[in-house]
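Engineer: Build me a model from this:
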Amino acid sequence: MATGLVSSGCAYLQSRVKVHPHQGSTDAHWATGLAFKKCFQREILRSHGVSQFLVVKGHDCNQNHFRNNRAATRPMTVSCSGDSATKYFDFAVIGSGVAGLRYALEVSKYGSVAVITKAEPHESNTNYAQGGVSAVLCPLDSIENHMRDTMVAGAYLCDEETVRVVCTEGPARVKELIAMGASFDHGEDGNLHLAREGGHSHCRIVHAADMTGREIERALLKAVIDDPNIFVFEHHYAVDLLTSQDGSETYCHGVDALNTETQEVVRFISKVILLASGGAGHIYPTTTNPPVATGDGVAMAHRAQAVISNMEFVQFHPTALADEGLPIKPTKSRENAFLITEAVRGDGGILYNLSMERFMPLYDERAELAPRDVVARSIDDQLKKRNERYVLLDISHRPRDKVLSHFPNIAAECLRYGLDITREPIPVVPAAHYMCGGVRAGLHGETNVQGLYVAGEVACTGLHGANRLASNSLLEALVFAQRAVQPSIDHMSNSSLSVSDLWARPVAPVSLKKELLVDVIQRTRKLRKELQSIMWEYVGIVRSTSRLERAEKRIAELEVEWEEYLFHKGWEPTMVSLDACEMRNLFCCAKLVVSSALARHESRGLHFTIDFPQLEESKRRPTIIFPCSAMKLTWSSQQLHKQYQC
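Structural biologist: This is a model prediction of the structure:
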């Protein structure tokens, strides 16, 4: 695949970065702004502030500059130059979860904003986040406690300064949500009700029953709809970033998107891009992620020469609803597994095997309150030893009114299938949940690609390390969405818009016969399931070198098979469709995960391998994937157009 991969020291990003992997060494060397140091003493050398960004060189596009439309009262599609296939904005946001929407609301004060979202705006991982947002809001708690819990959960691979920033700034971000209209649960004393989840030493989870993400998304979407300078493009699937190369520097100028309702390709030219597209849960067959989570952002950034980090750390949520254990079986399989929030265990839920034997104390002294990686591996071990398909999570010993008030969504979903959680245990099984790795980001969401910022699950900020502490994801998204604002404004102010015809345009496969397109879709979906099965079988909760190598070989063979089939059928490399683009991104992300897992010769956090079962202090460093054009490129690993050379 098109990467140079090393396991190296701590990465520190400034706003200007050049990537130069040193040949024949396990240490990476960066020419400007990105330095790697051995961090056994946890040395912290981070850039302070953001240096001035370069003005994007090239063409005078003032006549195409999008004028702020203060008269608009709701998001709408706009054409800025008379060409409906090209749109110009000051800022473009890819993704409509908490990170993208919060950022859009801030930068809209300084220019026009396009929010490009794959489906409906609410269809994001944020909307499915049940547990809540972790923040220090109780006088008995402290920033230091939250930091320590985060570092412990992350197996000390976390970037300590990032952890401090997020834990320190988090409470203010939560209060901003409340001021915007987000409604969270309060206790009888009138104060916010703070729950506790696995890995947390204190009660610090702000929540709205078991539908916190949905409430946050509601509040943010309402604010976005009311903002006259934000334009939401629904059902626009981001295909590839538009980049240029000037020496060793890469610049981002926009993104091509496929309107999945009209099958037209729309080009967004923008001074600044925020990538907030979520994770890649659907590289696995069973995931709590919504169908949109196909790794599009990580794959696009990788093809655009961005640095990728820590992709081996895939978090498997220990408790997704096991449909086969329900009294009434669902009539059709779910597109994504139904999540049973961490808060159920935090509220006293107990895990049993099917013989009603409590097993978590056998694995960890924290029992059900152990971090997710420990609980998931413990359940996995029970299932394999006992040859069973699921375990049981029991909350029925708690007062009925408390259970129903804390977990109304879970109670209603289980009751649909004949299960009363106030009387019976819930059948649960681990499922792919959250990517702790992603596009390498600095303290302000900046990447090594100029004009490209990242926030949310698509980013690897260093907060999570080798395992995410429960409910830290929404917190991270809020903090980094805010921290990316000022450097984005600075970059926007010093940049001009590019000419849209510098890059060849992708095209929808309208020239192919309908019957052929149906065949392509069916074959692609079949191979997608095969890829997911490979990942589940060989790159799951417990791994080995031989199984990872088997996965690497099988994925490569499957990708060649798929590409040969497509091009034999008359598909062109510049053609785009939803199924084909998702497939190439799934291939890309699967390869990144496998390559990263093979590079880590220890067991740390979410990455557990039987060949290296111990945690090694000498290997406590991130896994870094560099762009490497010298290696053979597949269709999934290269942009549909060539980079523009300045």
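
Engineer: what about Gly254, is that helix, strand or coil?
Structural biologist: Using DSSP: H, G, I helix; E, B strand; the rest coil, the structure places Gly254 in strand.

Engineer: What residues are bridge-paired with it?
Structural biologist: Gly254 has the following beta-bridge partners by DSSP bridges: Leu242, Ile269.

Engineer: Which strand or helix spans Glu335?
Structural biologist: Of the helices and strands defined by DSSP states H and E, none includes Glu335.

Engineer: go on, the one 10 residues further on?
Structural biologist: Element membership of Arg345 [criterion: DSSP H and E] is helix 342-346.

Engineer: what residues does the helix or strand following that helix touch?
Structural biologist: Toward the C-terminus, helix 342-346 is succeeded by strand 350-352 as the next helix or strand (DSSP H and E). By Cβ atoms under 8 Å, 6 or more residues apart in numbering, the residues outside strand 350-352 that reach it are 345, 358-360, 368, 375, 378-379, 391-395, 397, 425, 428. Every C-beta, even on glycine, is put in place using the N, C-alpha and C of the backbone.

Engineer: go again using 7 Å as the cut-off
Structural biologist: With contact meaning Cβ atoms under 7 Å, 6 or more residues apart in numbering, strand 350-352 is reached by Arg358, Phe359, Met360, Glu368, Val391, Leu392, Leu393, Asp394, Pro425.

Engineer: May I see the ChimeraX selection of the buried members of these?
Structural biologist: This is how ChimeraX selects the buried members of the contacts of strand 350-352, with burial counted by 16 or more other Cβ atoms under 10 Å:
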select :359,360,368,391,392,393,394,425
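
Engineer: on that earlier part again, can you give the contact residues for the helix holding Arg345?
Structural biologist: By Cβ under 7 Å, 6+ apart, helix 342-346 touches 131, 195-198, 205, 207, 210, 368-369, 393, 395, 407, 470.

Engineer: Take the contacts of strand 350-352 and keep only those in strands.
Structural biologist: Members of the contacts of strand 350-352 lying in strands (criterion: DSSP state E): Val391, Leu392, Leu393, Asp394.

Engineer: hang on, isn't His207 packed against Ser134?
Structural biologist: No. Counting by Cβ atoms under 7 Å, His207 does not reach Ser134; the two are 9.9 Å apart.

Engineer: Neighbour count: the two, which is higher?
Structural biologist: The residue with more neighbours, out of His207 and Ser134, is Ser134; 32 against 26, by other Cβ atoms under 10 Å.

Engineer: what are the phi and psi values for that one?
Structural biologist: With angles defined as degrees, to the nearest 10, Ser134 sits at phi -90, psi 130.

Engineer: so how far is Val174 from the nearest residue to it once chain neighbours are set aside?
Structural biologist: Of all residues not flanking Ser134 in the chain, Ser471 sits nearest, at 4.1 Å (Cβ to Cβ, 6 or more residues apart in numbering). According to Cβ to Cβ, to the nearest Å, Ser471 stands 11 Å off from Val174.

Engineer: overlap in contacts of these two?
Structural biologist: Common neighbours of Ser471 and Val174 (Cβ under 7 Å, 6+ apart) are Val133.

Engineer: okay, those two: which has more neighbours?
Structural biologist: Counted by other Cβ under 10 Å, Ser471 and Val174 do not tie: Ser471 has more neighbours, with 29 against 23.

Engineer: where does Glu188 land on pLDDT?
Structural biologist: Note on Glu188: pLDDT of 83.

Engineer: Next: Ala208.
Structural biologist: So, for Ala208, pLDDT stands at 86.

Engineer: Let's verify the residue lying closest to it once chain neighbours are set aside: helix, strand, or coil?
Structural biologist: Closest residue to Ala208 apart from its sequence neighbours, by Cβ to Cβ, 6+ apart: Glu215 at 3.9 Å. The three-state assignment at Glu215 reads helix, by three-state DSSP.

Engineer: which ones are touching Glu215?
Structural biologist: With contacts taken as Cβ under 7 Å, 6+ apart, Glu215 has the following neighbours: Ala182, Ser183, Ala208.

Engineer: Selecting buried members of those in PyMOL, what would you type?
Structural biologist: Here is the PyMOL command that selects the buried residues among the contacts of Glu215 (16+ other Cβ under 10 Å):
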select buried, resi 182+208
